[in-house]
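Asks: next comes the sequence, and after it the predicted model I'd like to discuss.
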Amino acid sequence: MAAKAEALAKQFEQKVQEATGVFERLSDADWKKTTTSEKWTVGVVAHHLAGGHEGISGIIKTVAGGKSVPGFTMDMLHDMNAKHAKEFANASKAETIALHKKNAAAAAAVVRGLSDADLGKSGTVLTGMPPMSVEQIINGILLNHVEEHLKSIRTALGA
């Protein structure tokens, strides 16, 4: 285990704990408020965030394995997100928190298992975008995904 990977995993876990705390304090009325950024309910954004840990850790594993994500476009990402928002429009707070904790623990384990060499490997994540290193994916996608959506939820709540 690399010290850098451990530090990144701990940073991710802190953000996850922060998000968990926010989710747990949400009232039923809060859960149904609409965010300005995504134009989804807070509940859908929370579920999207919870589900995202798994997909992003898959990208990390792919690039750490020396590969790129083949043929994945921003349009495909937007379509996936829109489909998810419809499918999980009525997801409960309890199931969302459980998914968040489960997927976050798995993602943290993936990050913890990386070597310094793995963190330096690069690959294309989105078609047409420059390659990213695994470390950049962790910082720019995994950590940022939590930050951005948590910020959106807090804004919707007026916090």
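Replies: Received the coordinates, thanks.

Asks: show me where this protein has its strands.
Replies: 122-123, 132-133 (DSSP state E).

Asks: pick the most buried one from those.
Replies: strand 132-133 (a mean of 20; mean count of other C-beta atoms under 10 Å). For glycine as for every other residue, the C-beta is placed from the backbone atoms N, C-alpha and C.

Asks: in CSV, list the strands of the chain along with mean pLDDT and distance to A3.
Replies: Shown next, in CSV, are the strands of the chain (pLDDT from 0 to 100; distance: least, C-beta to C-beta, whole Å):
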stretch, mean pLDDT, distance to A3
strand 122-123, 97, 21
strand 132-133, 98, 17
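
Asks: mind checking those strands for the one nearest to L99?
Replies: strand 132-133 (25.7 Å; C-beta to C-beta).

Asks: that closest one: partners in the sheet, and parallel or antiparallel?
Replies: Using DSSP bridges, the strands paired with strand 132-133 are strand 122-123 (antiparallel).

Asks: related to what we said a few turns ago, could I get the strands of the chain as JSON lines with distance to E24?
Replies: JSON lines is the format used below for the strands of the chain (distance: least, C-beta to C-beta, whole Å):
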{"stretch": "strand 122-123", "distance to E24": "36"}
{"stretch": "strand 132-133", "distance to E24": "32"}
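
Asks: indicate which one of those strands is closest to G51.
Replies: strand 132-133 (21.1 Å).

Asks: who wins for proximity to L49 among the strands of the chain?
Replies: strand 132-133 (20.4 Å).

Asks: hmm, who's touching that closest one?
Replies: With C-beta atoms under 8 Å, 6 or more residues apart in numbering as the test, strand 132-133 has contacts from V63, L119, G120, K121, S122, G123, T124, V125, G140, I141.
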